[in-house]
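> what follows is a predicted structure for the sequence shown.
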Amino acid sequence: MTLTVLAVDDERPALDELAYLLDRHPEIGQVYQAGDATHALRELNDHAIDAVFLDINMPGLSGIELATVLGKLSAPPAVVFVTAHDDRAVDAFEVGALDYLLKPLRTERLAQAVERVAAARSAPAPEPPAETTRPDDDVIPVELGGVTSLVRRDSISWVEAVGDYARLHSVQGAHLVRIPLSVLESRWQDHGFARVHRSYLVALPMVTGLRTAGSGTVVCVRANGASEATELPVSRRQVRELKDRLIRDPMRSYRSGDDRG
């Protein structure tokens, strides 16, 4: 089985050399390239990558921060750091790096790293514990103006469906991410989020009340830093379940006296 790898470095000469050396290895079938973390995340979204060979000091997200994000994926690629800094090895292995190579690269040392990746990818996956759950999405990488930022889940007030995408409304503003609302609903329902409408997912701690609006019901959601709450529609079939969750959810900031529905 040949490997598909991603080389990441913000310095073009270093990136070209790394990609060239990787492409020469018989275990590697395809080498993609990225000049920063934002581009790297795009490549990872578009291709099935077995391993990422990345620099540490980069604009935007550093290599360490990018590796932290990758470690939260359900099937994370192997990570090998390729850097001129010999003082970040502890940080690298703390985020699960498989190897740590120093520049200037030696062909023999890179070959050892590739062999480690190949061995790790071919090893049988261990049996998961009976109650294993998917890693929590404590942070979500978002792109704005070519810069990748990390949005904390606990800063998000509500999420809006936009086709196959979702718009996160947080203290940092609104961010469009390529994740369907249904996926976020299943991942976050045990973290204080509830689906109130086919188009909306709300954070229960941010709910300040429910009220009747015409023949329907709206939920009032307090956005972090906003002076007024935002009102979102609640589907008829979701009203009772929402009220029940607001009453019993230990994370709520909802006040039962605000319920006018």
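Done, it's in. Numbering: from 1, shown residues only.
> may I have the secondary structure class of Thr230?
strand (DSSP: H, G, I helix; E, B strand; the rest coil).
> neighbours around it, how many?
17 (other CB atoms under 10 Å). C-beta coordinates here come from the backbone N, C-alpha and C atoms, glycine included.
> what do you get for Val183?
Neighbour tally, Val183, other CB under 10 Å: 12.
> how far away is Glu11 from Ala194?
46 Å (CB to CB, to the nearest Å).
> if you count surrounding residues, which of these two has more?
Shown here are Glu11 and Ala194; by other CB under 10 Å, Ala194 has more neighbours (22 against 15).
> is it true that that one touches Pro205?
No: counting by CB atoms under 8 Å, Ala194 stays clear of Pro205, with 10.9 Å between them.
> for this structure, which helix is longest?
helix 107-122 (DSSP state H).
> tell me the buried residues in that one?
Neighbour-count burial for helix 107-122, with 16 or more other CB atoms under 10 Å as criterion, is recorded at 110, 113-114, 117-118.
> could you do stretch 203-219 as well?
Under 16+ other CB under 10 Å, the buried positions of stretch 203-219 are 203-207, 209-210, 217-219.
> now that stretch: average pLDDT?
Mean pLDDT, stretch 203-219: 89.
> any idea where the strands of the stretch 1-150 of the chain begin and end?
Assigned strands in the stretch 1-150 of the chain, in chain order: 3-8, 28-34, 51-54, 78-83, 99-102, 139-144, 147-152 (criterion: DSSP state E, counting those that start in this stretch).
> please identify the most buried of those.
Comparing the strands of the stretch 1-150 of the chain by mean neighbour count (mean count of other CB atoms under 10 Å), strand 51-54 ranks first with a mean of 27.
> against which helices or strands is that one packed?
Contacts defined by 3 or more CB pairs under 8 Å, 6 or more residues apart in numbering; DSSP states H and E place strand 51-54 against strand 3-8, helix 37-46, helix 63-70, strand 78-83, helix 107-122.
> can we see that at 6 Å?
Packing partners of strand 51-54 (3 or more CB pairs under 6 Å, 6 or more residues apart in numbering; DSSP states H and E): strand 3-8, strand 78-83.
> I'd like to know how far the residue nearest to Gly96 when sequence neighbours are not counted sits from Pro26.
Leaving out its chain neighbours, the residue that sits closest to Gly96 by CB to CB, 6 or more residues apart in numbering is Gly71, at 5.2 Å. As judged by CB to CB, Gly71 and Pro26 stand 28 Å apart.
> comparing the two, which residue is more hemmed in?
Gly71 (14 against 8).
> the more buried one and Met58, how far apart?
17 Å.
> about what we covered before: with the buried residues of helix 107-122 in mind, which one is nearest to Ala223?
Val117 (43.6 Å; CB to CB).
> so the closest one sits against Ala78, correct?
Yes: at 4.8 Å, Val117 counts as touching Ala78 under the criterion of CB atoms under 6 Å.
> joint contacts of those two?
Residues touching both Val117 and Ala78 by CB atoms under 6 Å, 6 or more residues apart in numbering: Ala51.
> so which residues of the stretch 151-261 of the chain form strands?
Counting by DSSP E, counting those that start in this stretch, the strands of the stretch 151-261 of the chain are 156-162, 165-170, 173-177, 193-197, 200-203, 207-213, 216-222, 229-234.
> so what touches the second one?
Applying CB under 6 Å, 6+ apart, the set of residues contacting strand 165-170 from outside is 151, 155-160, 174-179, 181, 184.
> same deal with the fourth one?
Strand 193-197 has contacts (CB under 6 Å, 6+ apart) with 185, 201-204, 219, 233-235, 238, 242, 245.
> how does it look with 8 Å?
159, 181, 184-185, 189, 201-204, 219, 232-235, 238, 241-242, 245 (CB atoms under 8 Å, 6 or more residues apart in numbering).
> go on, the first one?
Strand 156-162 has contacts (CB under 8 Å, 6+ apart) with 166-170, 176, 180-181, 184, 193, 198-203, 206, 221-224, 230, 232.
> thank you kindly, that will do.
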